[in-house]
Every structure is written in structure tokens, then in C-alpha cells.
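Peer 1: return atomic coordinates for the entry below.
(2 chains)
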Amino acid sequence: MIRGSILAVGEVAGSVVSMASEQVQRFESVQMVRDGLRDLDYLADDGIAGVAYLADRLGKPVLVEGPAGTGKTQLAKSIAELTGARLVRLQCYEGLDESKALFEWNYKKQLLRIQADRGSDSWTELHDDIFSDEFLLTRPLLEAITADDPVVLLIDEVDRVEVETEALLLEILSDYQVSIPELGTIEAKQIPLVFLTSNNTRELSEALKRRCLYLHVDYPSMEREREIVLAKVPDITENLADQIARVVRSIRSMDLKKAPSVSETLDWARTLMLLNIETIDEEIAKETLHILLKYQTDIAKAAKELSVDE
Amino acid sequence: MSATEQRGMLDLLGGFVGQLREAGLPVSLTENLDAMEAVRHIPIEDREAFKYALAASLIKNQAHWRTFETIFEVYFSLRGPEYALDRDGEATEGDLDELWREMQDASQSGDGRGGAGSLDALTPEEIAHLLMQSLMQGDQALMRALARQAVQRFAGMEPGRPVGGTYYLYRTLRNLDLDGMLDKMMEAAAQQSVAPSTTLEQRLEREEFEHRIAEFKAEVEAEIRRRLVADRGAEAMAKTLRKPLPEDVEFMHASRDEMQSLRKALQPLTRKLAARLARKRKHQRRGPLDFRSTVRHSLSYGGVPAEPKFKFPRPAKPELMVVADISGSVAAFARFTLMLVYAISGQFSKVRSFVFIDGIDEVTDYFKSTEDITEAIHRVNTEADVVWVDGHSDYGHAFEVFWERYGKDVGPKTTVLLLGDARNNYHASQAWVVKEMAGVARHVYWLNPEPRSYWNTGDSIVGEYGRHTDGVYECRNLRQLESFVEKLA
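Peer 2: Next up, the predicted model:
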């Protein structure tokens, strides 16, 4: 037990020191992150901006968790835009493996190389040759750490891969390196900002969580939602945005199968704009509920609750 | 940050992490180190950012957030901008008084609001009026000042008095009459608006006011907590205020708030449980050797069984019968178990449920006719015919009737779950029913929401029934319930 924990200290202390020395600081302060994101129409609350800033300072990946449609993926995109970095995205799915996430040897090219040189080269030369960079296909993870330009790495919906596959990510998340048996270890030229998103369909492993900062993105408060609507839907009046935010809050407080997400709120706002509606009354709310809610039972329930005064 | 200050900060953080661990949050060594690194980058003066920075590195599960927040409040509430970093937690009587006076000064001069200082001179009626105005306008600063004033005036807090925070909260809120306030606000709003408002508008208005009142209540609560911390020190307060994690809340003693958080915790839990069970079924190793298939395939190798073939595993899905006591104290437990079982009903070939108090009724149809489990549970509580004589638990009679009516449906594939505390009100136990049931069914389990030490005391006869079952399990909280269900499926 004691030996284990000492090892852990050494490991951590080492990684912190090495990161501090080679790190470029992207953000000046928490406030700067918040303002920068606001300029890009991403309205961050204290938690989001604080964690993004901290991720930069500590050089640690961020695990973003929360219900679907609350802007988890958008956060990574906006941060990439803010820092002027390229977004490298790895979409996770069941059955994802090394050859799709990290790297793969280009077998066809290797075969061609062998055939082209038949008889001329000696075996050792050829062997060294076909396992070189030229024949390596980089996949998102490797691409992110070998890139020369600044990148933001987004590992999307990490809860979809099996527990065993998570282990693939561990090396890159803690040390920013990839080990390729034939080539050795490739270390990152720069430490990218890494975002992992999860819809929380299963518990992620301790090992993965331990390596990340944790950020829970929930449905926004009413005030923030109103601002999001104002920022994202052009020409909307303040009055309508306010009403939309209130109705959505009211609907979220009901006991529903799937509460409306931010993106659905925005869809609803756009619909109302298209219909030239200036104030929402019960009829309009009921007729357009299907944009906010996707289950028939939810729609029926919400319609009933909205029209009956308690 | 100077070296001594940093030292103080690390000590503070060490104590904080200790409290988190005491509360049952798993904080690993690395996460602790991360937090220490994090606080170097974010100044403590920026309270919100500081809180989120600590949370990001220390807690990795949203369900733990509330516990974290409470402990954070207690630990760092006196260390905000308006209070100097004062480490005299275990102060003597004299120091304490000084801190008290300091706090009261701060509450009067704080918030940069001119009106706050003169609040002392107001009558209770004026305060109530002012509060209503601030609530209607959503004036945060005034609300905060009023919360402080209200606590100071109505809570009657005395240093060293061994009373919990809820007592002070109750005293403060009783004097403010917030429920009446809501109605008055609705009336006032109706008078102010020109056109009569629609029901939708009224609903939205009411919700907005409710939201503000809830905010105000939270403010009062925080103020009381701040004062209690000043009185007793952070460590002592962290202990008394600590809330158990949702999965550790006992079903039988859950408050209404805790019930709500339990219900919220149940949903992701069932989803995870279902995914885990499905995976277990799917990814199980190959089954036993399929002799026929091996021999058939060996023909292509000239009769040598070079390639062994295995049977596909087909683990039987159990058929489940849930028989639950839904009388008073154990009702919550029965409800949660039914919800959990139906949420993962895909993992069973068939689920039937029965509820009883002293009479018994089948409620399977309630769950079949609707997708909404909550609604089905509601119908169980209101419509099921479970009272036979007097509405006091009678396990003996209920089991007897169950066996008579549905006994023939119990077969070798059936697993029967009996739910309840077996407090039989000294009626006849009729334990022979359980014995016969165990003879026919695949398994019979008993789940008891009471702590093990209470079993077989008073009118509890769980031992008498338990003797015949395949196991009696203590299921006081979600964690225990989950681990049992996982074993079952």
C-alpha cells in the first residue's frame, strides 16, 4: 500500500515538472477565457471558464460530463477557435480500436515497397525501412500530439467505448506520448488541450478519471439560457427570449423522460421567429411543444401541465 | 503568495480533503496533489472560480457535488474577501465574542448597500414589506442584506448553544412567513399588470417568485451556517452538516429532499446497471464443449478433432415475482425496489409484482399499461387493494392469500423476492408458505430495509421467514440494493 502511493507521488511530481517547463500559457486569466468565449457566442459560466483556464495551466485533460445537448462538444470547438488551434476529433464508438484511434501501418504501401525492391536490398535494410514514418498512418490521437501547429484534441462520447478500450487513452492522457512497438515512443511536440466528453451512460474507469479534471455541464440557469438565445438567434427580441427561457425552465422542472436541451431551446426560438410570433401564449406553446420534446408521453404531460393552473 | 501563506493554504486544503474523505468521497492522492497545484493558479479571493477549481480536481462524480459544496461552504465560508484569513477556529471565549462582533459589523457595513446599515431601525412589518419588494424586483443585494438582517433579528443565535442549524432556520423562516409572501406577491403582480394575465403567464410568474424565494432561503441558510462556523469552528460544523451521499441515504429515514435526490440518482444507476448486465450476458466466455458439433467438424480433418466447438452460452433469464410490503415505514423501500426492477425488466424474462399490507393485490398491469414508471408507482399507491381488515401489516395473511391465488404460477424458473421489515404486529406468521414456496421456486430471497441489528427485535420475525429462504439481505440504501440486483440478474 505504502509503496504504491510513493510510486504515485513520483509519477505525478515528474509529470508536473516536465509540463511546467515546456508549457505555453494560452490564457491570461479566468476572466479572459470567459470574455473570449463570449465573443465567440459561447456563454460560459464560472465553472466552465475556470476549468478551461486550469486545464491550460496544469496541462491536464478535461472530462466534460452532462446531459445531451448542453454544449459539451461545442465547448471544445469554441476553445479551439479562441486559441486559434486546429480541432482534432476522435469520435468514439463501440468497437473502436488501436488502428482507428492511434496509428496503423500502411500494409499496402509496405507490400509495394517489398515487391519493388525484390532482390536488391538486404533483409535488415528493408526491415528497418518498411517500419519507418513513411509507412505510418496517423490516426487522431497520434496526429494530435505530432502536430506542429497548435491543436485541441476532442475525444467525443468516450463512454461509448468498452472499459478495456479506455486503456488506449491512458498513456496519451497522462504523459502525452504514444508508444509504437516498432518505432519506440513518440512524445508530444507541444501539449495540446484535451477535452473528453461523456453522456454518462456508464461509469468511466477510475484510472481515466484520475488523469482528468472533471467538469459537469448541466442545463443553464434561466438567465444564462436567455443570453444564449439572444446570442444565437439573430433579431430576437429580449422579451421573447425571456419568455422562452422561462417556459423552458418550467418544462424542465416537470418530471419528464427527456428534458429539453439547449439546442432544442434554440430550435424552438428559431421556429417562433419563423412563425413571426412575438409573445408566447398557451396555444402557441402547446402547438410547438414537439420541437422541445421528443416523446409523445412527455408532450402530452407538458401540454396538460401548462394549461392547467395549479 | 508568500511561503507562510502557502503553507497555511496547504494545511487548510489538507484538512478540507480529510473532511471530504470522512464524508465518503473517494479522493485519491493524485487528485489531492492536483488540487494543491490548482490553488496556486487561482486566487482564493475569487470564491466561485476557486470552488470550481477545487471541485474539478477533487470530485469526479456529479452526485458528490452537493456534499462537496456543503463542506466547501463550511470550510471556506469565513475565508472570503470580507473575512481575513483567521485560523483561530478553536478560539477562547473572548476571541469568539470578538469574531461575533466583527461579523455583525461586517453584516451591517457589507455589500456596499447604503440601506443595509439602517436596517436595524426597521420594524418587522417594514422588513417584511422590504423583503417582498426585493423579491418582486429580484434585487440580489438587498435580498442578501435582508437575509442577514433576518437571521440576526429572528434566529436568536447564542454562541455555544448546542442546537442544529435547522432549528435556527425554522425560527427565522417562521417569522418571515414566506408561503404567505408568495400569495401576496402573486396578488400584487396581478394588480400591477394592466391586462389580466393568462394562466401560462401566471404559472411562469409564480415559478419565478418561487425560484427567488428559494434563493432567499438558501441565502438565510448560508448566513446561519456562516455564523455557526464562526461559533464552533469549521471541523465541528463539517461533521454535523455533512449530508450522506445519495447512494448511502437510508430508505426508511429519507427526508423529502433526500427522496428527490434518490430518485434522481436511481435513473443513471439503472441505466448503468442494465448496460453492465447486458454486457455480462453478451461477453461471457464461451459455453461448454459442443460434442456433436466438434465431431461433425472433425470430419474435414479426417476424423481428428482439431477444432473444438463450443456451445453458445444461453444463460436463462430469471422469471421474477416481487412481493412487497407497502405499509407506512417500508413503502419508500418497496417503491424504489419496484422502480429499479422495472427499469431493468429487460434483463428478466417476466416480472410480476404484488403488493400487500394485510391484503394482497397484483399490480403487474399498472406497469404494463404505461411506460412511465413513476405514474405506475403512483397508481400502486392509490389504487391497489391492499387493506383487508385494519391496514396494519399482516405478513401471514398476505402470504397465505398469495399462495392460494398465485401459488400455482410459482415454478422452478421463478425467483421470488419478498420485501419488507417482517414486522407482523404479532399476527400468525404462516411461515409454512415461505417454506413451500422455497421448495418449488428456483430461489426465494428476502430483502429487509432495516439495519441488521434491529432484526428479530420487537414484532420483527424476519428470522422465522428467513430460515426457509435462500438468503435474507439487508437493503438499507441504493448501494446495497444495486449490488443485490446485480447478483440476481
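Peer 1: please enumerate the strands of the chain.
Peer 2: The chain I'm using is chain A. A:62-65, A:86-91, A:103-105, A:136-138, A:151-156, A:177-180, A:184-187, A:193-198, A:213-216 (DSSP state E).
Peer 1: ah, I was thinking of chain B
Peer 2: B:319-325, B:350-356, B:360-362, B:414-419, B:443-448, B:471-474.
Peer 1: sheet partners, orientation included, of the shortest one?
Peer 2: Spelled out, that is strand B:360-362. strand B:350-356 (antiparallel) (DSSP bridges).
Peer 1: so what touches the partner strand?
Peer 2: When contacts are defined by C-beta atoms under 8 Å, 6 or more residues apart in numbering or on different chains, strand B:350-356 is touched by residues B:319-326, B:334, B:338, B:341-342, B:345, B:360-364, B:367, B:380, B:384, B:386, B:395, B:398, B:402, B:406, B:409. Any C-beta I mention is one placed from the backbone N, CA and C, and that applies to glycine too.
Peer 1: how about that strand, which residues are buried there?
Peer 2: B:V351, B:R352, B:S353, B:F354, B:V355, B:F356 (16 or more other C-beta atoms under 10 Å in any protein chain shown).
Peer 1: turn these into CSV, including pLDDT.
Peer 2: Listed next are the buried residues of strand B:350-356 as CSV, based on pLDDT from 0 to 100:
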residue, pLDDT
B:V351, 84
B:R352, 87
B:S353, 86
B:F354, 87
B:V355, 85
B:F356, 85
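Peer 1: got TSV for those residues, with distance to A:G84 too?
Peer 2: Below are the buried residues of strand B:350-356 laid out as TSV (distance: C-beta to C-beta, whole Å):
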residue	distance to A:G84
B:V351	56
B:R352	62
B:S353	59
B:F354	65
B:V355	63
B:F356	67
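Peer 1: for B:V249, which of the strands of chain B is the nearest?
Peer 2: strand B:471-474 (14.8 Å; C-beta to C-beta).
Peer 1: name the residues that touch the closest one?
Peer 2: Contacts of strand B:471-474 (C-beta under 8 Å, 6+ apart): B:445-448, B:450-452, B:455, B:462, B:465-466, B:480, B:484.
Peer 1: for those, work out which two are farthest apart.
Peer 2: Largest separation among the contacts of strand B:471-474 by C-beta to C-beta: B:Y465 and B:Q480, giving 19.0 Å.
Peer 1: so B:L12 makes contact with B:F72?
Peer 2: No. Counting by C-beta atoms under 8 Å, B:L12 does not reach B:F72; the two are 11.6 Å apart.
Peer 1: can you name the residues that contact B:A343?
Peer 2: B:A343 neighbours (C-beta under 8 Å, 6+ apart): B:L266, B:Q267, B:T270, B:R271, B:A274, B:I373.
Peer 1: any idea how far B:A128 is from chain A?
Peer 2: 25 Å (C-beta to the nearest C-beta, to the nearest Å).
Peer 1: contacting residues for the nearest residue to that residue once chain neighbours are set aside?
Peer 2: Leaving aside its sequence neighbours, B:A128 sits nearest to B:L176 (C-beta to C-beta, 6 or more residues apart in numbering or on different chains; 6.9 Å). Counting by C-beta under 8 Å, 6+ apart, B:L176 makes contact with B:A128, B:L131, B:A150, B:F154.
Peer 1: give me that answer again for 10 Å
Peer 2: Neighbouring residues of B:L176 by C-beta atoms under 10 Å, 6 or more residues apart in numbering or on different chains: B:P124, B:I127, B:A128, B:L131, B:L146, B:A147, B:A150, B:F154, B:I213, B:F216, B:K217, B:V220.
Peer 1: pick the one among those closest to chain A.
Peer 2: Set against chain A, the nearest of those by C-beta to the nearest C-beta is B:I213 (14.6 Å).
Peer 1: count the neighbours of that closest one for me.
Peer 2: B:I213 is flanked by 19 other residues according to other C-beta atoms under 10 Å in any protein chain shown.
Peer 1: and for B:F68?
Peer 2: 20.
Peer 1: next one, pLDDT for B:E82 please.
Peer 2: You'll see B:E82 listed with a pLDDT of 42.
Peer 1: ok, B:A274 next?
Peer 2: In this model, B:A274 carries a pLDDT of 71.
Peer 1: dihedrals phi and psi, the closest residue to it other than its chain neighbours?
Peer 2: Sequence neighbours aside, B:I344 is the residue nearest to B:A274 in space, at 4.7 Å (criterion: C-beta to C-beta, 6+ apart). Backbone torsions of B:I344, given as degrees, to the nearest 10, read phi -110, psi 30.
Peer 1: for B:I344, grab the count of nearby residues.
Peer 2: When neighbours are defined as other C-beta under 10 Å, B:I344 has 23 of them.
Peer 1: ok, the closest residue to B:L20 other than its chain neighbours - contacts?
Peer 2: Using C-beta to C-beta, 6+ apart and skipping the chain neighbours, the partner closest in space to B:L20 is B:V27 (5.3 Å). Contacts for B:V27 (C-beta under 10 Å, 6+ apart) come out as B:F16, B:V17, B:G18, B:L20, B:R21, B:A35, B:S57, B:L58, B:I59, B:K60, B:H64, B:F68.
Peer 1: so which of those comes closest to A:N106?
Peer 2: Relative to A:N106, the closest of the contacts of B:V27 is B:K60; by C-beta to C-beta it sits at 38.6 Å.
Peer 1: and the closest one, what are its phi and psi?
Peer 2: phi -120, psi 30.
Peer 1: how far away is A:L40 from A:T83?
Peer 2: 11 Å (C-beta to C-beta, to the nearest Å).
Peer 1: try B:S327
Peer 2: 61 Å.
Peer 1: neighbour count winner among these two?
Peer 2: B:S327 (22 against 19).
Peer 1: ok, now which ones touch the more buried one?
Peer 2: With C-beta under 10 Å, 6+ apart, B:S327 has these contacts: B:334, B:355-358, B:386-387, B:391-394, B:420-421, B:423, B:425.
Peer 1: what's the pLDDT at it?
Peer 2: Checking the pLDDT column for B:S327, the value is 80.
Peer 1: same thing with A:N199?
Peer 2: 85.
Peer 1: residues near it, how many?
Peer 2: Using other C-beta under 10 Å, A:N199 is surrounded by 16 other residues.
Peer 1: hang on, isn't it packed against A:K258?
Peer 2: No. Here A:N199 lies out of contact with A:K258, judged by C-beta atoms under 10 Å, at a distance of 11.9 Å.
Peer 1: and for the two, which residues touch both?
Peer 2: Residues touching both A:N199 and A:K258 (C-beta under 10 Å, 6+ apart): A:P67, A:A68, A:G69.
Peer 1: ok, and the most crowded of the residues you listed?
Peer 2: A:G69 (20 neighbours).
Peer 1: excluding chain neighbours, what is closest to that one?
Peer 2: Per C-beta to C-beta, 6+ apart, closest to A:G69 is A:S261, 2.5 Å.
Peer 1: identify the residues contacting the one you found.
Peer 2: Taking C-beta under 10 Å, 6+ apart, one finds A:G66, A:P67, A:A68, A:G69, A:T70, A:G71, A:Y219, A:V248, A:R252, A:D267, A:L292, A:K294 in contact with A:S261.
Peer 1: okay, helices next: where are they in the stretch 301-450 of chain B?
Peer 2: For the stretch 301-450 of chain B, applying DSSP state H, counting those that start in this stretch gives helices covering B:331-343, B:364-368, B:373-383, B:395-406, B:431-440.
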